[in-house]
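Novice: Need coordinates for the below:
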Amino acid sequence: MLTNHNEKGMYSFNIDKFYRNYLKGPKLFKKREALEPSFIPDELPHRNSEIEKIAGITACALKGDVPSNFLCYGMTGTGKTATVRYISQKLAQHCSTKPPWWVYINCTVVSTPYRILAHIYNTIVGKEKIPSTGLPKDVILKKLLGLLDQYIKDSICFLVLDEIDILIEKKGGNEILYNLTRLNENLDHCRTSVIGISNKLKFMEFLDARVTSNLEEEEPIVFHPYNANQLYDILKLRADVAFQEGVIDDGVIKLCAGLAAKEHGDARKALQLLRKAGEIAERNQTKKIMENHVEKAQKDIDKDHIVEYIFSMPLQVKLTLTAIFLLSKYSKEHIITSGDIYEVHSELAQFIPNVKQLTHRRISDYVNELSLSGLIITYTKSMGHYGRTKIVKLDIDFNLIERVLSQIKKIKEYRLLDYKPIILQTDKVKIKNMVFKKLI
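Specialist: Below is the predicted model:
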């Protein structure tokens, strides 16, 4: 019999007994995967307008013509990826011959030009023919062009770049987007169409003009956040598929929808909350999912979400958060302004090879992003005739953020958490250029 013991050797947990009881307990789930973001239901509530627009752009693929490149914008959890995948399924159902190919690239995972080209190639052939490193990019590009013509032939291949904005932070990001949007010029038979998905409305401002013109062949499709009633409709449909009959009441679903609506209408958060509440109820051997299970799930997710979100951020955003952390760590009395963050970020960027200096405007965008995520809070303060400035404060547990940042490879490697910013050598706040003012 296997048991776990605490430090004093006292009995704490009998895993065999737990598993036996779990097997005897009620089975609440019928199809658990229906609550995963990747699950594509038979219908997508409250996305008719977006579906109609994408269907209009992609319909010409049914007749063998090439759809325009286009972009989908919207905050996290607004159904962008789900809608594109839904369209891909419907398009395939109506293609009697030569159905389109779809290659999905998650740019948070596959983010370098080399790996993107290799990922597309390997996805099409169904096995890893191109290694993750080792070949010149022009050689891979030539191989990919040959594969598209020989393997896909005269069908359409959609290249979906999810989180496309991540590429702008990477070296060669503009180049790979340019190459992907101009593939058709070097193809004899196959034709490609690029679909970009982003949760940053302004990322196009940082693209080369030649890439912008290629990507914006159609008006961007904007996905607005869901409200509580819309999230309830989404969850109700998923719950009917995911759970056994009678194990969950409308009140529990409404609570999940209401909590997620406060998080900028994030359907992913709503689904995660409902699934985790079901798992907690099942582990507790209860026959129904109750509101207290949702409340427990919310607490667990909040903590997990912070860790996951920080790890998933691009390096430049992590450095922005590190700058705020250091300003808070070494001087709790110091009032942090957006200008301070810019100065400290510039100092940190010098320690890491190939990390470029950012503009004040870009840092301001990152501060706004961190504020929306709930990691910091910001407010505007008048500085007299110097104008108004943004004040920033951390809004999460100090020890938690230190623990997470200390596990990030680049931050750990260059010991950035031990660095004391130059600006903290004075008790004055930098207002403009070399003008300082002491804040009370």
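Novice: Can you show me the strands along the stretch 201-350 of the chain?
Specialist: Along the stretch 201-350 of the chain, the stretches classed as strands by DSSP state E, counting those that start in this stretch are 221-223, 336-337.
Novice: Name the residues of stretch 306-316 that are buried.
Specialist: If you call a residue buried by 16 or more other Cβ atoms under 10 Å, then stretch 306-316 has these buried ones: 306, 309-310, 313-316. All C-beta spots, glycine's among them, are computed from the backbone N, C-alpha and C.
Novice: show me what contacts Val247?
Specialist: 26, 28, 278, 281, 287-289 (Cβ atoms under 8 Å, 6 or more residues apart in numbering).
Novice: ugh, wrong one, Asn21
Specialist: Neighbours of Asn21 in contact, by Cβ under 8 Å, 6+ apart: Gln285.
Novice: before we move on, what about His189?
Specialist: Contact analysis of His189 by Cβ under 8 Å, 6+ apart lists 148-149, 152-154.
Novice: redo that, cut-off 10 Å
Specialist: Neighbouring residues of His189 by Cβ atoms under 10 Å, 6 or more residues apart in numbering: 148-150, 152-155.
Novice: Alpha carbons of stretch 239-257, in CSV - could you do that?
Specialist: C-alpha atoms of stretch 239-257 as CSV (Å, rounded to 0.1, in the frame of the first residue of the first chain):
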residue,chain,number,x,y,z
ALA,A,239,-22.5,22.0,-20.6
ASP,A,240,-25.2,20.0,-22.4
VAL,A,241,-22.5,18.2,-24.3
ALA,A,242,-19.9,17.9,-21.5
PHE,A,243,-21.9,16.9,-18.4
GLN,A,244,-24.3,14.1,-17.5
GLU,A,245,-27.9,15.1,-17.3
GLY,A,246,-29.0,16.8,-14.1
VAL,A,247,-25.6,17.4,-12.5
ILE,A,248,-25.5,21.2,-13.0
ASP,A,249,-28.1,23.9,-12.6
ASP,A,250,-28.5,27.1,-14.5
GLY,A,251,-27.4,29.2,-11.5
VAL,A,252,-24.0,27.6,-11.5
ILE,A,253,-23.6,28.3,-15.3
LYS,A,254,-24.7,31.9,-14.8
LEU,A,255,-22.2,32.3,-12.0
CYS,A,256,-19.4,31.1,-14.3
ALA,A,257,-20.6,33.4,-17.0
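Novice: one step back: with respect to burial, which of the strands of the stretch 201-350 of the chain scores highest?
Specialist: The highest mean neighbour count among the strands of the stretch 201-350 of the chain, using mean count of other Cβ atoms under 10 Å, belongs to strand 336-337: a mean of 22.
Novice: what's that strand packed up against?
Specialist: On a contact count with 3 or more Cβ pairs under 10 Å, 6 or more residues apart in numbering; DSSP states H and E, strand 336-337 meets helix 315-330, strand 376-382, strand 388-394, strand 429-432.
Novice: Check the ones you listed for me and report the most buried one.
Specialist: Ranked by mean neighbour count, those are led by helix 315-330 with a mean of 22 (mean count of other Cβ under 10 Å).
Novice: Return the mean pLDDT over that helix, rounded to an integer.
Specialist: The average pLDDT for helix 315-330 rounds to 93.
Novice: can you state the direction angle for it and strand 388-394?
Specialist: Inter-element angle recorded for helix 315-330 and strand 388-394: 80 degrees (by axes from the mean of the first three to the mean of the last three Cα atoms, to 10 degrees).
Novice: In CSV: the strands of the stretch 201-350 of the chain, plus distance to Ala323 and mean pLDDT.
Specialist: Compiled in CSV, these are given as follows (distance: least, Cβ to Cβ, whole Å; pLDDT from 0 to 100):
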stretch, distance to Ala323, mean pLDDT
strand 221-223, 31, 94
strand 336-337, 9, 90
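Novice: Count the neighbours of the spatially closest residue to Lys30 that is not a sequence neighbour for me.
Specialist: Computed as Cβ to Cβ, 6 or more residues apart in numbering, the closest residue to Lys30 that is not its neighbour in sequence is Gln244, at 5.1 Å. A total of 13 residues lie near Gln244 under the criterion other Cβ atoms under 10 Å.
Novice: again with Thr97
Specialist: Using other Cβ under 10 Å, Thr97 has 6 other residues around it.
Novice: Equivalent analysis for Glu175, please.
Specialist: Glu175 has 15 neighbours, counted by other Cβ under 10 Å.
Novice: Surely it is within a helix?
Specialist: Yes. Per DSSP: H, G, I helix; E, B strand; the rest coil, Glu175 lies within a helix segment.
Novice: so who does it touch?
Specialist: Shown in contact with Glu175 (Cβ under 10 Å, 6+ apart): 113, 137, 167, 208, 211.
Novice: now with 8 Å?
Specialist: Glu175 sits next to Pro113 when contact means Cβ under 8 Å, 6+ apart.
Novice: cool, and Ile54?
Specialist: 70, 72, 83-84, 87, 221.
Novice: Give me the phi and psi for the closest residue to Lys288 other than its chain neighbours.
Specialist: Nearest non-adjacent residue to Lys288, counting by Cβ to Cβ, 6+ apart: Val247, 5.4 Å away. Dihedral angles of Val247 (phi, psi; degrees, to the nearest 10) stand at phi -100, psi -10.
Novice: Please report the distance of Val247 from Arg283.
Specialist: Per Cβ to Cβ, to the nearest Å, Val247 is found 14 Å from Arg283.
Novice: which ones are touching the residue nearest to Tyr419 when sequence neighbours are not counted?
Specialist: Closest residue to Tyr419 apart from its sequence neighbours, by Cβ to Cβ, 6+ apart: Leu326 at 6.5 Å. For Leu326, the contacting residues are 344, 416-417, 419-421, by Cβ under 8 Å, 6+ apart.
Novice: same check, this time on Thr359
Specialist: Thr359 neighbours (Cβ under 8 Å, 6+ apart): none.
Novice: picking up where we left off before, from the contacts of Val247, list the buried ones, please.
Specialist: Of the members of the contacts of Val247, the ones counted as buried by neighbours, 16+ other Cβ under 10 Å, are 28, 278, 281, 289.
Novice: returning to that earlier point: biggest separation within the contacts of Val247, which pair?
Specialist: Greatest spatial distance in the contacts of Val247: Gly278 and Lys287, 12.1 Å, computed using Cβ to Cβ.
Novice: which residues sit in contact with the closest residue in space to His345 that isn't next to it in sequence?
Specialist: Sequence neighbours aside, Ala323 is the residue nearest to His345 in space, at 4.6 Å (criterion: Cβ to Cβ, 6+ apart). Each residue near Ala323 by Cβ under 8 Å, 6+ apart is listed here: 340-341, 344-345, 348, 421.
Novice: could you redo the last one with a cut-off of 10 Å?
Specialist: By Cβ under 10 Å, 6+ apart, the residues touching Ala323 are 336, 340-349, 363, 366-367, 392, 416, 419, 421, 423.
Novice: and the helix or strand containing Ile120, which residues are buried?
Specialist: Using DSSP states H and E, Ile120 sits within helix 113-125. Residues of helix 113-125 classed as buried by neighbour count (16+ other Cβ under 10 Å): 113-124.
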